[in-house]
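*Asks:* Pasted the sequence and its predicted model underneath.
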Amino acid sequence: MIKVGIVGGTGYTGVELLRILAVHPDVQVECITSRSEAGMPVADIYPNLRGHFDLAFSEPEPERLKACDMVFFATPHGVAMRMVPELMDAGVRVVDLSADFRIKDLDVWANWYGMPHESPEWAQKAVYGLPEVARDAISEAQLVANPGCYPTAVQLGFLPLLEQGLVNPDRLIADAKSGASGGGRQGKIGMLHGEVGESFKAYGASGHRHLPEIRQGLVQAAGQACGVTFVPHLVPMVRGIEATLYAELNNAGDFDRLQEVFESRYRSEPFVDVMPFGSHPETRSVRGANQCRMALHRQEQSNMVIVSSVIDNLVKGAAGQAVQNMNIMFGLNEVAGLEAPALLP
Ligand SMILES: NC(=O)C1=CN([C@@H]2O[C@H](COP(=O)(O)OP(=O)(O)OC[C@H]3O[C@@H](n4cnc5c(N)ncnc54)[C@H](OP(=O)(O)O)[C@@H]3O)[C@@H](O)[C@H]2O)C=CC1
Ligand SMILES: CC(=O)N[C@@H](CCC(=O)OP(=O)(O)O)C(=O)O
């Protein structure tokens, strides 16, 4: 059994990790941290986990974490970069769900995250953990930077188009909407039901910290510079992201083969589902599941490709993808613990 630790166990992604790991056949959760709830049994705070874990939250002590084989960081940005180097020296493998190790250009990172990077060496060594792109590198990595939620939905939808050079990389548009759990559990006023319910708004339209992360992945796929416009929106639901993506086809004649391009790109991917052309993937079709579902559209004879891509921000956008990465790192069955279909309705 792989001994697992979780730093930041009281947040939404931390408890989602526990929900998934509760049925994972190869894992024993040894340690789960919270500074504010240290000493409190996990099941007292999360009754859905009663009967699954006989564990209490503890302080994030390096010695306990160093006794684990694998540690997940489900903490705010800036925490993992300070704690990870000591775990690396101890030979522990880490998947970081925060953005600390996602961006290779550390000036860009410092600009968007408002602090200097404190672990530049590991920022370069970390592998960006989008399994559909970097499975081999993930299998050998000691440190994996789990992709952000919006970046997962957006990159997976654009990748086949950019890898094949089918679209103009200067004019990519991602119009994305997220449920409120994307904002975490730390009680921000803007996330209260009274603020989010019965309302719908764009935010970060002048620039969001996921923009450089999305651009980094798309540039890698295209092999050239990319112009990306990304606008996130907050919608009155709890889980889920829908990203409507727009790209200009270089050759309108390629429309006829786009469906096949997408199907063959993802045919062997266990967690990407390309639906029939013209379908409308719904966020509820992935709720609770480690799945990205997408579909292609064309309006009249336009040369604009439209891709609609949906994920559960807490699963394929965070904890599920993190467990998928752990499975790859440890040579386990990639789908272990992740096979449950979505909850519907
Ligand atoms: N919510 C989402 O949909 C997604 C989130 N992410 C990322 O995952 C990370 C976690 O997100 P989320 O679960 O929403 O966050 P939450 O705010 O819900 O939870 C944060 C957790 O980290 C702990 N924590 C906070 N500060 C520290 C610290 N200095 N040292 C140790 N532990 C700390 C908190 O517990 P305590 O204060 O008691 O120690 C809490 O358990 C974030 O970086 C987020 O950006 C990524 C993709 C999607
Ligand atoms: C709805 C909402 O607030 N979403 C968050 C993004 C989710 C997240 O946690 O960001 P990381 O993937 O970078 O960790 C936001 O826009 O800040």
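*Replies:* Arrived safely. Numbers count the residues shown, from 1 in each chain. Ligands and ions are numbered 1, 2, ... in the order given.
*Asks:* show me what contacts whichever residue of the stretch 1-150 of the chain sits closest to ligand 1?
*Replies:* Nearest to ligand 1 in the stretch 1-150 of the chain, going by C-beta to the nearest ligand atom, is G11, at a distance of 1.9 Å. Placement of C-beta: from N, CA and C, glycine included. Counting by C-beta atoms under 8 Å, 6 or more residues apart in numbering, G11 makes contact with 74-75, 184-186.
*Asks:* Try it again at 6 Å.
*Replies:* With contact set as C-beta atoms under 6 Å, 6 or more residues apart in numbering, G11 has these partners: 74, 184-185.
*Asks:* Would you mind giving those as TSV with secondary structure and pLDDT added?
*Replies:* Shown next, in TSV, are the contacts of G11 (DSSP: H, G, I helix; E, B strand; the rest coil; pLDDT from 0 to 100):
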residue	secondary structure	pLDDT
A74	coil	98
G184	coil	91
R185	coil	90
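*Asks:* ok, which of those also contact ligand 1?
*Replies:* Among the contacts of G11, the ones lying near ligand 1 by C-beta under 6 Å from any ligand atom are 74, 184-185.
*Asks:* which among those end up buried?
*Replies:* The neighbour-count test (16 or more other C-beta atoms under 10 Å) marks A74 as buried among the ones next to ligand 1 among the contacts of G11.
*Asks:* as a whole number, average confidence for whichever strand or helix holds S139?
*Replies:* Following DSSP states H and E, one finds S139 within helix 131-140. For helix 131-140, the mean per-residue pLDDT is 98.
*Asks:* could you dump that helix to CSV, C-alpha only?
*Replies:* The C-alpha trace of helix 131-140 is given here as CSV (Å, rounded to 0.1, in the frame of the first residue of the first chain):
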residue,chain,number,x,y,z
PRO,A,131,-1.6,13.2,-18.4
GLU,A,132,-3.0,13.5,-22.0
VAL,A,133,0.2,15.4,-22.9
ALA,A,134,2.9,14.3,-20.5
ARG,A,135,2.2,10.7,-19.3
ASP,A,136,5.8,9.5,-19.8
ALA,A,137,7.4,12.4,-17.9
ILE,A,138,4.8,12.1,-15.1
SER,A,139,5.7,8.5,-14.6
GLU,A,140,9.3,9.4,-13.8
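*Asks:* picking that back up, a markdown table for the ones next to ligand 1 among the contacts of G11, including distance to N325?
*Replies:* Shown next, in a markdown table, are the ones next to ligand 1 among the contacts of G11 (distance: C-beta to C-beta, whole Å):
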| residue | distance to N325 |
| --- | --- |
| A74 | 13 |
| G184 | 20 |
| R185 | 22 |
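*Asks:* And what about A289, helix, strand or coil?
*Replies:* Secondary structure for A289, judged by DSSP: H, G, I helix; E, B strand; the rest coil, is coil.
*Asks:* so how far is P341 from it?
*Replies:* Distance, A289 to P341, by C-beta to C-beta, to the nearest Å: 6 Å.
*Asks:* Looking at these two, which is more packed in?
*Replies:* Taking other C-beta atoms under 10 Å, A289 and P341 do not tie; A289 has more neighbours (22 against 11).
*Asks:* what's near enough to touch the closest residue to the more buried one other than its chain neighbours?
*Replies:* The shortest distance from A289 to any non-neighbouring residue, by C-beta to C-beta, 6 or more residues apart in numbering, is to A342 (3.9 Å). With contact set as C-beta under 6 Å, 6+ apart, A342 has these partners: 285-289.
*Asks:* those helices in the chain, which residues are they?
*Replies:* Here the chain has its helices, by DSSP state H, at 12-21, 42-45, 62-66, 80-89, 106-113, 120-125, 131-140, 149-163, 193-196, 210-222, 255-266, 320-329.
*Asks:* Quick one, which of those gets closest to ligand 2.
*Replies:* Among the helices of the chain, the nearest to ligand 2 by C-beta to the nearest ligand atom is helix 149-163 (4.7 Å).
*Asks:* Which residues does that closest one contact?
*Replies:* Applying C-beta under 6 Å, 6+ apart, the external contacts of helix 149-163 come out as 167, 174, 176, 182, 210, 213-214, 217-218, 221-222, 232, 241, 243, 245, 247, 261-262, 265, 292, 294, 307, 309, 311, 313, 316-318.
*Asks:* Tell me if that helix is near ligand 1.
*Replies:* Yes: for helix 149-163, a contact with ligand 1 is found by C-beta under 6 Å from any ligand atom, at C149.
*Asks:* what angle separates that helix from helix 131-140?
*Replies:* With axes from the mean of the first three to the mean of the last three C-alpha atoms, to 10 degrees defining the directions, helix 149-163 sits at 110 degrees from helix 131-140.
*Asks:* Please work out the average pLDDT along helix 149-163.
*Replies:* What helix 149-163 shows for mean pLDDT is 98.
*Asks:* Disregarding residues adjacent in the polypeptide, which is nearest to L65?
*Replies:* Counting by C-beta to C-beta, 6+ apart, the residue nearest L65 is G5, at 4.8 Å.
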